[in-house]
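Peer 1: following is a predicted model, sequence given first.
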Amino acid sequence: MGSQPQTARSEGAKERIARRVAQEMRDGYYANLGVGIPVMVANYIPEGMEVVLEAENGMLGIGPYPFEEQVDPDLINAGKEPVTEIPGSSYFHSADSFTMIRGGHVDITVLGGMEVDEHGNLANWTVPGKKLQGMGGAMDLVAGARRVIIAMEHTTKDGKPKILKRCTLPLTGVGVVDLIVTELAVIEVSPTGLVLHELADGVTPEDVQKVTEATLRVADDLKIMLT
Amino acid sequence: MDKRVANADAAIERLCDGATILIGGFGTCGNPENLIQAVIRKGTKKLTCVSNNVGTPDFGLGLLVSERRVRKVICSFPGQNRACQQQALDGEIEIELAPQGTLVERIRAGGAGIPAFYTPTGVGTVVAEGKEVREFNGKQYLLERALHGHFGFIKAWKGDRWGNLVYRKTARNFNPVWATAADYVIAEVEELVDLGDLDPDGIHTPGIFVDAIFQGTNYVKTIEKPVMRQRA
């Protein structure tokens, strides 16, 4: 039968996703973390591993959130929150920022997703008819980063699949996604379709396929997600 | 050579209705606050504004939008400003969206004498509609055209009478690029220093790009999402 898969609404799902994505980091990586679950990845980078975080608004080496007396309105991240410097931080203008991003200098970009499909297409910037948000730097990030990881809950609030055969929403990028990490699974986008590599503890491949519209091929070395 | 003017009002003396203004800033960070207030006082309208965001309804470019002085915005993320979105729905304001990297490169090109360029950003998305697509080395790229403004409103930290500018932290953002791509570039700085006080190795915008400079006053500098660490 298989147990009922844990839903995103269960305790700590976002943290588990962020913790698993952090395992993709390597010492010396330059990474861009988007708003939402992606920015939480910074909390789980192992002690002693130096990953330099890039903010598209012109900073490398983003430090932790400030204590009240450290808050500086001239020092914010791309989510418009105040941050701090660390030893090695640098500032630059927006054209240089997108030289880094579009020019393939960023090792990993982690973004949220509304829809990802079996071709690696991503839709995460607008829902027609809803409030106009704009794409910001997302399209450049997926076009330029060496590795694109989508960190998102496996289904929508209404339990509908977000991993589809074909995206229905306006696209952010075509064929750009490399890896999808949800609270249920780690899925690779391969040239021949989606490959299920890891499962959350207590979850079966059938559980995941039930809430995924695209067809998942199960990897030979299927593992449990360590989070 | 002395590019100093008395204040923001003096700086925008030649501003007219219908002008295209490049406005520096990322969200509410690094905004040319005095210049925007001066435009409100002057009553100028039907403006086209190029800026990454549209501020908030009561700060930055959002103030001009709330006052209905803007007929078109070219930006990458108007999300924070509901008033702007409402005006767009009502057909009062036109919003042209560009990916952030494309927006900044269009302006960079405009200031650098490059009329157009190819970028991979937006291929296969709505951004590609109506644009030429070309293949280089087996990969597809969109043709994007340069952007230029009549006026550039730049916010910097320090400057001198030659218009040399230094920026502070993430308040830098679009300002140095915007400073290259307008017919008349005005810099508002927090501190005007004597010629020679700025270390030549540390100048971020050489004064060649700047037409007028003044020392601003009463900076508000809001933070859109105040998040802080708590002590245990």
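Peer 2: All right, it came through fine.

Peer 1: B:Phe77: what's it in contact with?
Peer 2: A:Gln133, A:Gly134, A:Met135, A:Gly136, B:Asn52, B:Asn53, B:Gln100 (CB atoms under 8 Å, 6 or more residues apart in numbering or on different chains). Glycine gets a C-beta too; all of them are placed from N, C-alpha and C.

Peer 1: just the residues you listed: which are in helices?
Peer 2: Assigned to helices by DSSP state H, the following of the contacts of B:Phe77 qualify: B:Gln100.

Peer 1: okay, the contacts of B:Phe77 in TSV with pLDDT and neighbour count next?
Peer 2: Listed next are the contacts of B:Phe77 as TSV, based on pLDDT from 0 to 100; neighbours: other CB atoms under 10 Å in any protein chain shown:
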residue	pLDDT	neighbour count
A:Gln133	82	17
A:Gly134	93	22
A:Met135	96	26
A:Gly136	96	25
B:Asn52	97	28
B:Asn53	96	30
B:Gln100	98	30
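
Peer 1: just put the contacts of B:Phe77 in TSV and tack on distance to B:Lys3.
Peer 2: Below are those laid out as TSV (distance: CB to CB, whole Å):
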residue	distance to B:Lys3
A:Gln133	39
A:Gly134	34
A:Met135	37
A:Gly136	34
B:Asn52	26
B:Asn53	28
B:Gln100	30
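
Peer 1: looking at the contacts of B:Phe77, which is nearest A:Val195?
Peer 2: Distances from A:Val195 to the contacts of B:Phe77, taken as CB to CB, are shortest for A:Met135 (28.3 Å).

Peer 1: you'd agree that closest one is up against B:Thr102?
Peer 2: No: counting by CB atoms under 8 Å, B:Thr102 is not a contact partner of A:Met135; they are 9.6 Å apart.

Peer 1: okay, buried residues for the helix or strand bottoming out on mean pLDDT in chain B please.
Peer 2: Between all helices and strands in chain B, the lowest mean by mean pLDDT, DSSP states H and E belongs to helix B:82-89, at a mean of 87. Neighbour counts over helix B:82-89 (16 or more other CB atoms under 10 Å in any protein chain shown) mark B:Ala83, B:Cys84, B:Gln85, B:Gln87, B:Ala88 as buried.

Peer 1: tell me the spacing between A:Asn32 and A:Pro38.
Peer 2: Distance of A:Asn32 to A:Pro38, given as CB to CB, to the nearest Å: 9 Å.

Peer 1: shared neighbours, these two?
Peer 2: Contact criterion CB under 8 Å, 6+ apart; residues shared by A:Asn32 and A:Pro38: A:Val110.

Peer 1: which stretches in chain A count as helices?
Peer 2: Counting by DSSP H, chain A has helices at residues A:13-22, A:37-40, A:94-102, A:138-144, A:205-210.

Peer 1: okay, those helices, which one's buried deepest?
Peer 2: For the helices of chain A, the largest average neighbour count (mean count of other CB atoms under 10 Å in any protein chain shown) is found in helix A:138-144, namely a mean of 28.

Peer 1: which other helices and strands contact that helix?
Peer 2: The contact analysis (3 or more CB pairs under 8 Å, 6 or more residues apart in numbering or on different chains; DSSP states H and E) places helix A:138-144 against helix A:94-102, strand A:108-111, helix B:100-112.

Peer 1: select, out of those, the one closest to B:Asp2.
Peer 2: B:Asp2 sits nearest to helix B:100-112 of all those, at 23.5 Å, using CB to CB.

Peer 1: packing partners for that closest one?
Peer 2: helix A:94-102, helix A:138-144, strand B:116-119, strand B:139-145, helix B:175-178.

Peer 1: tell me the buried residues in it?
Peer 2: Quick answer for helix B:100-112 (16+ other CB under 10 Å): B:Gln100, B:Gly101, B:Thr102, B:Leu103, B:Val104, B:Glu105, B:Arg106, B:Ile107, B:Arg108, B:Ala109, B:Gly110, B:Gly111.

Peer 1: where does the chain have low pLDDT?
Peer 2: By default, I'm working from chain A. Scanning chain A for pLDDT under 70 picks out A:1-11.

Peer 1: now do the strands in it.
Peer 2: Along chain A, counting by DSSP state E, strands occupy A:30-33, A:52-55, A:59-62, A:85-91, A:108-111, A:115-117, A:122-123, A:147-151, A:163-164, A:179-181, A:185-190, A:193-199, A:216-224.

Peer 1: how about these in JSON lines, adding mean neighbour count and distance to chain B?
Peer 2: JSON lines is the format used below for these (neighbours: other CB atoms under 10 Å in any protein chain shown; distance: least, CB to the nearest CB, whole Å):
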{"stretch": "strand A:30-33", "mean neighbour count": "24", "distance to chain B": "12"}
{"stretch": "strand A:52-55", "mean neighbour count": "22", "distance to chain B": "7"}
{"stretch": "strand A:59-62", "mean neighbour count": "22", "distance to chain B": "5"}
{"stretch": "strand A:85-91", "mean neighbour count": "14", "distance to chain B": "6"}
{"stretch": "strand A:108-111", "mean neighbour count": "27", "distance to chain B": "12"}
{"stretch": "strand A:115-117", "mean neighbour count": "24", "distance to chain B": "12"}
{"stretch": "strand A:122-123", "mean neighbour count": "26", "distance to chain B": "9"}
{"stretch": "strand A:147-151", "mean neighbour count": "24", "distance to chain B": "13"}
{"stretch": "strand A:163-164", "mean neighbour count": "22", "distance to chain B": "16"}
{"stretch": "strand A:179-181", "mean neighbour count": "24", "distance to chain B": "19"}
{"stretch": "strand A:185-190", "mean neighbour count": "22", "distance to chain B": "15"}
{"stretch": "strand A:193-199", "mean neighbour count": "19", "distance to chain B": "19"}
{"stretch": "strand A:216-224", "mean neighbour count": "12", "distance to chain B": "24"}
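
Peer 1: using a markdown table, lay out those together with distance to A:Asp140.
Peer 2: Output for the strands of chain A, formatted as a markdown table (distance: least, CB to CB, whole Å):
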| stretch | distance to A:Asp140 |
| --- | --- |
| strand A:30-33 | 10 |
| strand A:52-55 | 12 |
| strand A:59-62 | 16 |
| strand A:85-91 | 19 |
| strand A:108-111 | 10 |
| strand A:115-117 | 18 |
| strand A:122-123 | 13 |
| strand A:147-151 | 12 |
| strand A:163-164 | 24 |
| strand A:179-181 | 19 |
| strand A:185-190 | 20 |
| strand A:193-199 | 25 |
| strand A:216-224 | 30 |
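
Peer 1: of all those strands, which one comes closest to B:Glu129?
Peer 2: When the strands of chain A are compared by CB to CB, strand A:122-123 sits nearest B:Glu129, at 16.0 Å.

Peer 1: who are the packing partners of that closest one?
Peer 2: Secondary-structure packing of strand A:122-123 (3+ CB pairs under 8 Å, 6+ apart): strand A:115-117.

Peer 1: partner strands of the strand it packs on and their direction?
Peer 2: In the sheet, strand A:115-117 lines up against strand A:122-123 (antiparallel), strand A:163-164 (parallel) (DSSP bridges).
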